[in-house]
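Visitor: Predicted model follows, preceded by the sequence.
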Amino acid sequence: MPSFPRPRCDTQEGMSDFEGQAAVVIGAGAGIGRAVAILLAQRGASVACVDRDQDTAQKTAQEIGPRAIAVSADVSDETSVQTAFEQAENAFGQVHIAINCAGISGTTGKQSHEVELDDFDRVVKINLRGALVVSQTALRHMLQHNYGRIVHVASIAGKEGNANMIAYSATKAGMIGMVKAQGKEYAETGITVNALAPAVIRTDLVAALPDEVVTYMTDKIPMKRTGTVEEAAAMLAFIASKDCSFTTGFTFDLTGGRATY
């Protein structure tokens, strides 16, 4: 299986894009969250690296350097999310950007009639309720300044539905609906709320899968490959930028041609 490059923090390219801005990245300990936290820092932002796993959050923050802090929080616990934003605001003065990469798949490989409701509820609590908690908390901070960028990582499963992944598909579809509603609610405030819907992205977890599994997942993608965390981070950085100023309530595609709407 081919390797893919990891983002680094030692480049000066694009340093001014986010100069003077601060971001809260939830799920910054690994995968897409880690990649976008590092990229935003490369481009000048101060970053609160938030993750349920304090150790992985700390590793990302250490890689970024003095413009980052590490915070432990769980999106299923609204108090911990509120505390994370307060720590970011205390450290940086204002939160301009919130990127939510938290999410779980729950039990897969079962048809709907076989799904345990406790497992379904657990996925809802993190993927959908957790996304609302992140939006609510970010909005309360951003409304004080009439500016903000909120971005949630959804999934192609939320657009098309993945068989035998009912909880994941339903919660990501719910997230897309939430983003549509919030985009309209806050359209006149200077705050945008958008989402990104990736197909399979080559994270460390995917890289460790057998080749035949990855081949199965990429067969539906016209480009016949997985996406990379760098591609996801670059798209998220654009959505979170001042340049993305006339788009809100929208879910951006990152699927190699699989989704065309």
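Guide: That came through, no problem. Numbers count the residues shown, from 1 in each chain.
Visitor: Grab the most central residue of this protein for me.
Guide: Averaging the C-alpha coordinates of the chain gives a centre point, and the residue nearest to it by C-alpha atoms, centre = their mean is Cys101 (2.6 Å).
Visitor: quick one, strands of the stretch 1-150 of the chain?
Guide: Taking DSSP state E, counting those that start in this stretch, the strands of the stretch 1-150 of the chain run over residues 22-26, 46-51, 68-72, 97-100, 148-153.
Visitor: Output the contacting helices and strands for the shortest one.
Guide: Which is strand 97-100. Using 3 or more C-beta pairs under 8 Å, 6 or more residues apart in numbering; DSSP states H and E as the contact criterion, the neighbours of strand 97-100 among helices and strands are strand 22-26, helix 31-42, helix 130-142, strand 148-153. All C-beta spots, glycine's among them, are computed from the backbone N, C-alpha and C.
Visitor: do the first one as well
Guide: With contacts defined as 3+ C-beta pairs under 8 Å, 6+ apart, the packing partners of strand 22-26 are helix 31-42, strand 46-51, helix 78-92, strand 97-100.
Visitor: who touches that strand?
Guide: With contacts defined as C-beta atoms under 8 Å, 6 or more residues apart in numbering, strand 22-26 is touched by 33, 36-37, 40, 45-51, 73, 75, 81, 84-85, 88, 91-102, 134, 138, 240.
Visitor: Provide a ChimeraX selection command restricted to the buried entries of those.
Guide: To isolate the buried subset of the contacts of strand 22-26 in ChimeraX, counting by 16 or more other C-beta atoms under 10 Å, use the following:
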select :33,36,37,40,45,46,47,48,49,50,51,73,75,81,84,85,88,92,94,95,96,97,98,99,100,101,102,134,138,240
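Visitor: Can you give me the buried ones in the lowest-mean-pLDDT helix or strand in the chain?
Guide: Within the chain, confidence by mean pLDDT, DSSP states H and E is lowest for helix 204-207 among all helices and strands, at a mean of 72. For helix 204-207, the neighbour count (16+ other C-beta under 10 Å) marks Val206 as buried.
Visitor: Show me how far that helix is from its chain's centre.
Guide: Mean-position distance between helix 204-207 and its chain equals 17 Å (C-alpha atoms, centre = their mean, to the nearest Å).
Visitor: And stretch 228-246, end to end?
Guide: Across stretch 228-246, the terminal residues are separated by 27 Å (C-alpha to C-alpha, to the nearest Å).
Visitor: Next, the buried residues of it.
Guide: Using 16+ other C-beta under 10 Å as the test for burial, stretch 228-246 gives 228-237, 239-241, 244.
Visitor: Switch these over to JSON lines; also include pLDDT, distance to Glu63 and secondary structure.
Guide: Listed next are the buried residues of stretch 228-246 as JSON lines, based on pLDDT from 0 to 100; distance: C-beta to C-beta, whole Å; DSSP: H, G, I helix; E, B strand; the rest coil:
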{"residue": "Thr228", "pLDDT": "95", "distance to Glu63": "18", "secondary structure": "strand"}
{"residue": "Val229", "pLDDT": "96", "distance to Glu63": "14", "secondary structure": "helix"}
{"residue": "Glu230", "pLDDT": "97", "distance to Glu63": "15", "secondary structure": "helix"}
{"residue": "Glu231", "pLDDT": "97", "distance to Glu63": "20", "secondary structure": "helix"}
{"residue": "Ala232", "pLDDT": "98", "distance to Glu63": "18", "secondary structure": "helix"}
{"residue": "Ala233", "pLDDT": "98", "distance to Glu63": "14", "secondary structure": "helix"}
{"residue": "Ala234", "pLDDT": "98", "distance to Glu63": "18", "secondary structure": "helix"}
{"residue": "Met235", "pLDDT": "98", "distance to Glu63": "21", "secondary structure": "helix"}
{"residue": "Leu236", "pLDDT": "98", "distance to Glu63": "18", "secondary structure": "helix"}
{"residue": "Ala237", "pLDDT": "98", "distance to Glu63": "17", "secondary structure": "helix"}
{"residue": "Ile239", "pLDDT": "98", "distance to Glu63": "23", "secondary structure": "helix"}
{"residue": "Ala240", "pLDDT": "98", "distance to Glu63": "20", "secondary structure": "coil"}
{"residue": "Ser241", "pLDDT": "98", "distance to Glu63": "22", "secondary structure": "coil"}
{"residue": "Cys244", "pLDDT": "97", "distance to Glu63": "26", "secondary structure": "coil"}
